[in-house]
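J.: Pasting the sequence and the predicted model now:
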Amino acid sequence: MFKTLEKIIKYPRLTQEYPKKAPDATLFVGRPEISSEKCSGCGECAVRCPSGAIEGGTGTGKAAISYDRCVFCALCEEICPKGAVRMTHDFELARKDRKLLKSTAFTVSEDNMPELGKEELENRLEKRISKLFGRSLHIREVDAGSCNGCDYEINALNNPFNDIERLGIHFVASPRHADMLLVTGPVSRNMEEALIKTYNAAPDPKLVVAAGACACSGGIFRDCYAVGGGIDTVIPVDVYVPGCPPRPQAILYGILKALDRVK
Amino acid sequence: MFENDLKKLNDTFTAYIYSSERTIGNETYISADPEHIREICTYINREMGYGLVSMFAADERGLAAGKFAIYYTFADRTEGKLLTVKTLHGEENLSFHSICSTVHAAALYEREIQDMFGLTPVDHPDPRRLVFHSNWPEGRFPLRKDFDGGSRPERAKVAMQFKRVEGDGVYEIPVGPVHAGIIEPGHFRFSVAGEPIINLEAQLYFVHKGIEKMSEGTTVEKCLFISERISGDETIANSLAFCQAVEKMAGIEVPARARYTRVIFAELERLTSHLGDLTGICQDTAYGFAAYQFNMLRGWSYNVADQLCGMRFLRNINKPGGVRRDFIDGSEAAVLELLGRIRTELKDTVDIINANSLFIDRVENTGVLSTEAAQDLNVVGPAGRASGVRHDVRRTFPYAAYGELDFSVPEHNNGDVNCRMNVKIEECLESIDLIVKAINSMPEGRISEALPDIKPYSSGYGITEAPRGENVHWVMMGEASRIFRYKIRTPSFCNWPAVCLAVRGNIVPDFPLINKSFNLSYAGNDL
């Protein structure tokens, strides 16, 4: 008992303050970026990309990446003969519209909302939560065919480092209690019915966040007989979180994004 | 020994074993008469004592033989040899003799072959569907070469059968596929009288994505990325098994520095995975303090991963021929420091939980899996080692740098949750030591070898010890350096029947605890 108490006070605070404070992302593998100046349009990356996320690059066209398909394997960076691809540390990739994740996503402006500071975002989030969901947001997670990577990262939102409950967000056992469905996987054929039933079981108003490359677009499994092409082929999706798997902070960013959308 | 065994086998079944035989490294292939496959396999399994580690079919109708082939893979775990028996089945008779009445571990493989290839196992005691659910139409077999992998067959409504236990006061509890926790989908049917579970039936394959079909016709490069995504938390184990199979076919030696790097990542993956399981066990016994401690340690081991490669799930590391870049150089000190912290804290926490009699009372004698059942079902990994099954792939089929490093393998015999937990705790400490040893004796030099062209229709096994146990992959190369057949057998496939067996006689509230002590991957099983 004494030892237990000693341990409890030994590490007073492990929780990272994201999104209030940005984490040290220097070690993170983030989204790949293609420099249009350096890209020669040889098409090597488009041919070899395992998830078919790169388009163009043939003839005069410059290569461009669809982040909803990208599995962050860094192969394009490795093989580009011109060194035009660079893996950034950017992990806050969630967008409300899948079109914004296509090719030129990061050059067009998003909605008509100016980029808010982290603090401002969190303030607005808290206001929304308290207004819409009575100070708390309840999430039901559904695995619709993932490799379990995304699910472990969602699980990690509950660990002492991320502790999502500090933001008033809880994971619940039943869709009947949920305000939001957090869905992973490309929707496997055998999970389609269960996903639809879960969606129908959640009361309105409800939000859906698709976490991971598979959920956004079907990812690397897209073309196979037993999977669909992402969550939005089955149920409407509010926010897409790219990544393979997305880090807990990236998923958290997506959840915040979704809340901001509800007007 | 292996040579003698093989000779005896040949002598006993001279008429039924054909002479065509080849040996590549530690792999021996023999082809046999399908009419007598049951006797042959029973002899190999029972008399020679080799475990059935994989069984799969391949559609070789387009090749010289013009038939379907079924491969039965047995492992001689004392000498690290693999014996593969191959039978051929023509289109005129799409069936094969079931061997599972004597080689029990074959039961699920045979049902899988039935679903994927449309070959019927004759005399199978339980020939129900395995992979496909009620929505899959009759007569469509995805792993046949004439099935278009991109097609989406129409939705059907085929009745599914479940085992029914009948009697006074017996009732059923259906659970899933969407569970209460943040876990993968599976459907469980408990037949219960009062509190104790009489029978548990697990319907899996909710996350079946068709990975094996999808791998066919891809390049080695793309298939590597697919293998990394078989089961999220076993990225290294799966990609390494794939790489080893390819390296074997290509006949290349992996440079020493890459082999040591692979050990470091494989052990880091084991450490992370086991710490997660310990968290789960404590959470399911409502032991909050310990759950948070282990969860914190798991967080630290993710920090080690970030430090080394920037990916928490250890992706983008392996490639056939070595590793993709030098991950270790420059990070040694930071990693050793973090590991030191994990070791100290882990030891302290384990001391605390072991002194908690309430907790030990809950885990002891819960979910017992007998040694006999574990051997019959070929239960692998920590679950097997907790039930008195001694093998560990790192010992029996040394790969990467495991042959050059010194480590111990925990042995327990009771087969309960406590034993499985202790195996995992001991393996965590051993993994930390192994990483430290590998870093300290890290050789200098190159990190990868170029991959030459691979001869069409050569094949090779890649075996690794995943955190959940023995992981067997088999790759056959086709024309133009494209994959012809990729058979993945993860440890979860072997261990799922063991979970259903271990819960019998336990009360329903202990199911989550027992399930967590195995912590199997649904994705790795369903593919």
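T.: That came through fine.

J.: so where's chain B shaky on pLDDT?
T.: The model of chain B has pLDDT under 70 over residues B:19-21.

J.: Longest helix in chain B, please.
T.: Identified as the longest helix of chain B according to DSSP state H is helix B:256-284.

J.: Return the list of helices and strands in contact with it.
T.: helix B:235-250, helix B:288-309, strand B:322-323, helix B:332-354, helix B:417-440, helix B:511-518 (3 or more Cβ pairs under 8 Å, 6 or more residues apart in numbering or on different chains; DSSP states H and E). Every residue, glycine included, has its C-beta placed from N, CA and C.

J.: in the first one, what counts as buried?
T.: Along helix B:235-250, the positions that meet the burial threshold by neighbour count (16 or more other Cβ atoms under 10 Å in any protein chain shown) are B:235-250.

J.: what's B:L268 in contact with, if anything?
T.: B:I236, B:S301, B:V304, B:A305, B:L308, B:L314, B:S431, B:I435 (Cβ atoms under 8 Å, 6 or more residues apart in numbering or on different chains).

J.: in the stretch 51-200 of chain A, what residue is nearest chain B?
T.: The nearest approach of the stretch 51-200 of chain A to chain B comes at A:G149, 2.8 Å away (Cβ to the nearest Cβ).

J.: That residue against B:F313, yeah?
T.: Yes. With contact defined as Cβ atoms under 8 Å, A:G149 counts as touching B:F313 (5.1 Å).

J.: Report the set of residues contacting both of those two.
T.: With Cβ under 8 Å, 6+ apart, A:G149 and B:F313 have common neighbours A:P245, B:G232, B:D233, B:T235.

J.: For the second one, give me its contacts.
T.: Meaning B:G232. Applying Cβ under 8 Å, 6+ apart to B:G232 gives the contacts A:S146, A:C147, A:N148, A:G149, A:C150, A:D151, A:Y152, A:P245, B:F313, B:A523.

J.: Determine the number of other residues adjacent to the nearest residue to it once chain neighbours are set aside.
T.: Of all residues beyond its chain neighbours, the one nearest B:G232 is A:G149 (2.8 Å), with distances taken as Cβ to Cβ, 6 or more residues apart in numbering or on different chains. A:G149 has 26 neighbours, counted by other Cβ atoms under 10 Å in any protein chain shown.

J.: Look up how far B:K319 lies from A:G149.
T.: Separation of A:G149 from B:K319 (Cβ to Cβ, to the nearest Å): 19 Å.

J.: and what of B:K222?
T.: Distance from B:K222 to B:K319, by Cβ to Cβ: 12 Å.

J.: repeat for A:F72
T.: For A:F72 relative to B:K319 (Cβ to Cβ), the value is 16 Å.

J.: which one of these two has more residues nearby?
T.: Per other Cβ under 10 Å, whichever of A:F72 and B:K319 has more neighbours is A:F72, with 25 against 22.

J.: buried sites along stretch A:9-25?
T.: A:Q16, A:Y18, A:P19, A:P23, A:A25.

J.: what do you get for stretch B:7-17?
T.: B:L9, B:F13, B:I17.

J.: Using PDB, write out every CA atom in it.
T.: Listed in PDB are the C-alpha atoms of stretch B:7-17, where the atom choice follows Å, rounded to 0.1, in the frame of the first residue of the first chain:
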ATOM      1  CA  LYS B   7      14.200 -42.100 -44.100                       C
ATOM      2  CA  LYS B   8      11.800 -44.000 -41.800                       C
ATOM      3  CA  LEU B   9       8.900 -42.100 -43.200                       C
ATOM      4  CA  ASN B  10      10.000 -43.000 -46.700                       C
ATOM      5  CA  ASP B  11      10.400 -46.600 -45.800                       C
ATOM      6  CA  THR B  12       7.000 -46.800 -44.100                       C
ATOM      7  CA  PHE B  13       5.100 -45.200 -47.000                       C
ATOM      8  CA  THR B  14       7.300 -46.200 -50.000                       C
ATOM      9  CA  ALA B  15       4.300 -46.700 -52.200                       C
ATOM     10  CA  TYR B  16       2.600 -43.400 -51.400                       C
ATOM     11  CA  ILE B  17       5.500 -41.000 -51.300                       C
END
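
J.: Could you pull out the strands in chain A for me?
T.: Ranges of strands in chain A, per DSSP state E, are A:32-34, A:54-55, A:64-65, A:85-87, A:137-143, A:169-171, A:180-184, A:207-211, A:239-241.

J.: So for B:F484, which of the ones you listed sits nearest?
T.: When these are compared by Cβ to Cβ, strand A:54-55 sits nearest B:F484, at 26.8 Å.

J.: That closest one pairs with which strands?
T.: Paired with strand A:54-55 in the same sheet, following DSSP bridges, are strand A:64-65 (antiparallel).
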